[in-house]
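[1] Mind looking at a prediction? Sequence and model below.
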Amino acid sequence: MKITDIVKVLDAQVVVGREDMDYSINHGFASDLMSDVLTLEEEHLILITGLCNNQTIRTAEMANISVILFVRNKQVSQDMIELALENDIIIISCKYSMFKTVGVLYENGLEPVY
Amino acid sequence: MMHNEFTVVEGDFANAGKASSEIKKTLKQLNIDNQKIKKIVVAVYEAEVNAIAHAYGGTIYVDLDEEKICVLIKDKGPGIPDIARAMEKGFSTASAKVREMGFGAGMGLPNIKNNVDELDIQTEIGVGTEIKMIVNFNS
Ligand SMILES: Nc1ncnc2c1ncn2[C@@H]1O[C@H](COP(=O)(O)OP(=O)(O)O)[C@@H](O)[C@H]1O
Ligand SMILES: [Mg+2]
């Protein structure tokens, strides 16, 4: 799915990376547990999470994940924005719950890692 | 041969990952294989979080040559009473604060072990813990 399509189906907002709307991603992984994210071998994926702090961005950085989607209207801090910019990470934010978000993305063809 | 040191401050979650991030940048500049980079930075990041979460901060020593990277994380923490138990997936004494940060599921040490070629943990109760990890670039 392209970022632009993800934004459309989730009524979401791009917080960082507005110039990357054509960036395309096939896989998704949803977790609030960063240690779990750090076990993944697959890298070309979107991380869907309700955990919204510096550690989310750092985890994506270490795991080579280039797109993060925050659910439930989480506030992204200036620190997080700067970390994301520094590491070319796209941040999207939507108001839907984790359950609804992954359901909608799955329905639209985003594939699971496992 | 390259040597570098980083300080890790107790409870400073906002800066957890700074050392791992610097290491990643250095290795990328040296054109080290991406999978090797990921292995060492994931391990160092988990260890960094542990030094912040379970110990009272510490120092990270990085030694790098053409063949390998060696990272030593020395903390002045409480030590680990039972290393075998701490290495088990799921064992954790993490506080609520640590879990709020997205860690504390007892996966850190197993993650570290899975990613590095060599791991050595020395610990003394009331003194601290030293975790040494090596990733070889040509294996
Ligand atoms: N540097 C350390 N100093 C003291 N105890 C530690 C240290 N690192 C790990 N531990 C102990 O080992 C346990 C397991 O660590 P880990 O596998 O990283 O899981 P977690 O950090 O999620 O608890 C910790 O909960 C803690 O009790
Ligand atoms: Mg840990």
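    Yep, that arrived. All of these numbers come straight from a predicted model, not from anything done at the bench. Numbering: from 1, shown residues only, chains lettered A, B, ... in the order given. Ligands and ions are numbered 1, 2, ... in the order given.
[2] Ramachandran coordinates for A:Gln75?
    Here is the backbone geometry of A:Gln75 (degrees, to the nearest 10): phi -80, psi 120.
[3] Over to the one 10 residues further on?
    Taking degrees, to the nearest 10, you get phi -60, psi -40 for the backbone angles of A:Leu85.
[4] Now it: closest residue in space, sequence neighbours ignored.
    Leaving aside its sequence neighbours, A:Leu85 sits nearest to A:Val16 (Cβ to Cβ, 6 or more residues apart in numbering or on different chains; 6.1 Å). In this view, the C-beta of every residue, glycine as well, is placed from N, C-alpha and C.
[5] any idea which residue sits dead centre in the chain?
    As the question left the chain open, I've gone with chain A. When chain A is reduced to its mean C-alpha position, the nearest residue by Cα atoms, centre = their mean turns out to be A:Ile68, at 1.9 Å.
[6] wrong one, I was asking about chain B
    The residue lying closest to the centre of chain B (Cα atoms, centre = their mean) is B:Ala47, at 2.4 Å.
[7] quick one on the thing from earlier: pretty sure the residue nearest to the centre of chain A is touching A:Ile90, no?
    Yes. Under the criterion of Cβ atoms under 8 Å, A:Ile68 makes contact with A:Ile90 at 7.2 Å.
[8] Overlap in contacts, these two.
    Contact with both A:Ile68 and A:Ile90 is made by residues A:Ala84, according to Cβ atoms under 8 Å, 6 or more residues apart in numbering or on different chains.
[9] and the residue nearest to the centre of chain A, what helix or strand is that in?
    strand A:67-70 (DSSP states H and E).
[10] follow-up on the earlier one: let me see the contact set for the residue nearest to the centre of chain B.
    Neighbour list for B:Ala47: B:Val71, B:Ile73, B:Gly108, B:Ile112, B:Ile131, B:Met133 [criterion: Cβ under 8 Å, 6+ apart].
[11] Counting only strands, which of the residues you listed make the cut?
    B:Val71, B:Ile73, B:Ile131, B:Met133 (DSSP state E).
[12] out of those residues, which one sits closest to B:Met2?
    The closest of the ones in strands among the contacts of B:Ala47 to B:Met2 turns out to be B:Val71 (Cβ to Cβ; 12.2 Å).
[13] ok, now how distant is the closest one from B:Ala51?
    12 Å (Cβ to Cβ, to the nearest Å).
[14] got it, and A:Lys100?
    Between A:Lys100 and B:Ala51 the computed distance is 38 Å (Cβ to Cβ).
[15] More neighbours: which of those two?
    Using other Cβ atoms under 10 Å in any protein chain shown, the more surrounded residue of A:Lys100 and B:Ala51 is B:Ala51, with 27 against 14.
[16] that's a helix at that one, yeah?
    Yes. Assessed with DSSP: H, G, I helix; E, B strand; the rest coil, B:Ala51 lies in a helix.
[17] Thank you, goodbye.
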